[in-house]
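Engineer: using only what follows, build the 3D model:
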Amino acid sequence: MGRLISKACGTFSALVLALLGTSVLAHELPQSGKPQDLRVGASPSSLRPKATIASNGSDVTAPVLLRVRLPLEASAQGPLPNIPVRFSVQDEGSGLAWIRFDFTAPNGSNIPTEQDLHGRRSWQGLTAAALSPMAAPGTYTLRLVWIMDLAGNSSVIEGAALDALGVKPVTVTSAPSFDDTAPLFVSGRLLQSKVSKSATVPGTSRPQFLRAEVFATDSGTGLTAGIASSTLFFCKLDQSECVYLNGSVGQRGLSEGSLLLSDNGNSLARASTGDYHLQLVYVRDHAGNITGLVSTRFFGSYDFSTSFPGSVLTITP
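Structural biologist: Numbering: from 1, shown residues only. Down below sits the predicted model:
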């Protein structure tokens, strides 16, 4: 699926990279702005509000994390491998919207879990960060906790604040064969570089889809998890608006191949006209390993001129 991103797009993409755990690229964009203006999900394909967030001048108090408990050990084997998380949180104003936990794997990849909190004033619960059966063994660290209330106030708890709550790393055991090698982006192209806002899918009233193709490879460490998904961000040069396209592959073990990406017709109705330039390419494998590349046009280090020719999406009236 895809979506129009219209709030502080440059900051938004920086936060996406930071929360995805792509440490090699997280420094490439400025990380200014207020996180309460953004909703960052498990991956760009899930960037969506978890509850209706409304401006409420009477509530300016952020929610509070009271307790978080992790096991000392977890296993990536079994029918439902995961890291269980017990937590307690409260909000004295508008009520709790959602909570997100981000774990860092041994290779730096991000493993998130999130939960709706349904406007409750307090919540004691259990959630779990899902592990791939091909996840690498080693130490997994809870890097941050992000909580949002219904008024848009947020708390981000990390570092020393998590230490003060007694949070310890989790040792994960895995099967003898695992994959801790990130996939590689090879090339990509827009299937239609110019799209009209008034265009519809033939025979329907649905807006025309934005579509692209990405070719990627994946080679594991003893085991190849296979290419799982890819996401493209296209943004205006002033970063006032972005649209994104997403595609996935259900088959595991795919070492190379093309992914068809689409916005599912969700962008054109809300996007303004103009040129949108390729800002970010993101590729993930089935073990959760991630590669993210930021264009030199947006303070990044990757030049897409050869691997993604014609990387400008033009939206017309």
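Engineer: show me what contacts the residue nearest to residue 111 when sequence neighbours are not counted?
Structural biologist: Once flanking residues are discounted, residue 111 sits nearest to residue 103: 4.3 Å by C-beta to C-beta, 6 or more residues apart in numbering. (Each C-beta comes from the backbone N, C-alpha and C, glycine too.) Going by C-beta atoms under 8 Å, 6 or more residues apart in numbering, residue 103 touches 83, 110-112, 129, 140-143, 170.
Engineer: and with 7 Å instead?
Structural biologist: Applying C-beta atoms under 7 Å, 6 or more residues apart in numbering to residue 103 gives the contacts 83, 111, 129, 140-143.
Engineer: low-scoring pLDDT stretches of the stretch 151-300 of the chain, where are they?
Structural biologist: For the stretch 151-300 of the chain, the stretches flagged by pLDDT under 70 are 221.
Engineer: that one: strands as residue ranges?
Structural biologist: Ranges of strands in the stretch 151-300 of the chain, per DSSP state E, counting those that start in this stretch, are 154-158, 170-173, 184-190, 194-196, 211-217, 227-235, 242-248, 256-262, 274-285, 290-294.
Engineer: tell me which of the ones you listed sits most buried.
Structural biologist: Most buried of those, by mean neighbour count (mean count of other C-beta atoms under 10 Å): strand 227-235, with a mean of 26.
Engineer: and it, what does it pack against?
Structural biologist: Judged by 3 or more C-beta pairs under 7 Å, 6 or more residues apart in numbering; DSSP states H and E, the packing partners of strand 227-235 are strand 211-217, strand 242-248, strand 256-262, strand 274-285.
Engineer: residue 312 against residue 295, yeah?
Structural biologist: No: with contact defined as C-beta atoms under 7 Å, residue 312 does not reach residue 295; the gap is 11.0 Å.
Engineer: pull up the distance across stretch 155-172, start to finish.
Structural biologist: In terms of C-alpha to C-alpha, to the nearest Å, the two terminal residues of stretch 155-172 are separated by 28 Å.
Engineer: contacts for that stretch?
Structural biologist: Contact partners of stretch 155-172, identified using C-beta under 7 Å, 6+ apart, comprise 35, 62-65, 67-68, 70-76, 83, 131, 135, 137-147.
Engineer: repeat that for stretch 63-81.
Structural biologist: With contact meaning C-beta under 7 Å, 6+ apart, stretch 63-81 is reached by 83-91, 96, 131-133, 135, 142, 145, 147, 149, 153, 155, 157, 165, 167-168, 170-175.
Engineer: straight-line length of that stretch, end to end?
Structural biologist: With C-alpha to C-alpha as the measure, stretch 63-81 spans 30 Å from end to end.
Engineer: against residue 110, how distant is the closest residue to residue 91 other than its chain neighbours?
Structural biologist: Leaving aside its chain neighbours, residue 91 sits nearest to residue 63 (3.9 Å; criterion: C-beta to C-beta, 6+ apart). Residue 63 is 22 Å from residue 110, where distance means C-beta to C-beta, to the nearest Å.
Engineer: of these two, who's got more company?
Structural biologist: residue 63 (28 against 22; other C-beta atoms under 10 Å).
Engineer: measure the more buried one to residue 118 for me?
Structural biologist: Residue 63 is 13 Å from residue 118, by C-beta to C-beta.
Engineer: now residue 61
Structural biologist: Remark: distance between residue 61 and residue 118 (C-beta to C-beta) = 19 Å.
Engineer: can you check residue 242 too?
Structural biologist: Relative to residue 118, and taking C-beta to C-beta, residue 242 is found at 29 Å.
Engineer: got it, and residue 84?
Structural biologist: Using C-beta to C-beta, one obtains 21 Å as the distance from residue 84 to residue 118.
Engineer: and for residue 297?
Structural biologist: Residue 297 is 41 Å from residue 118, by C-beta to C-beta.
Engineer: ok, those two, which is more surrounded?
Structural biologist: Set residue 297 next to residue 118 and count neighbours by other C-beta under 10 Å: residue 297 wins out with 17 against 13.
Engineer: wait, doesn't the more buried one sit right on residue 276?
Structural biologist: No: Residue 297 is beyond contact range of residue 276, at 11.2 Å (criterion: C-beta under 7 Å).
Engineer: next one: the helix or strand harbouring residue 127 to chain centre, how far?
Structural biologist: Residue 127 is part of strand 122-130, with elements assigned from DSSP states H and E. Between the mean C-alpha location of strand 122-130 and the chain-wide mean there is a distance of 20 Å, by C-alpha atoms, centre = their mean, to the nearest Å.
Engineer: name the helices or strands packed onto the very next helix or strand once past that strand?
Structural biologist: The first helix or strand that comes after strand 122-130 along the chain, using DSSP H and E, is strand 138-149. Packing contacts for strand 138-149, counted by 3+ C-beta pairs under 7 Å, 6+ apart, involve strand 64-69, strand 96-104, strand 154-158, strand 170-173.
Engineer: could you dump those into TSV and include distance to residue 271?
Structural biologist: Shown next, in TSV, are the helices and strands packed on strand 138-149 (distance: least, C-beta to C-beta, whole Å):
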stretch	distance to residue 271
strand 64-69	36
strand 96-104	26
strand 154-158	26
strand 170-173	41
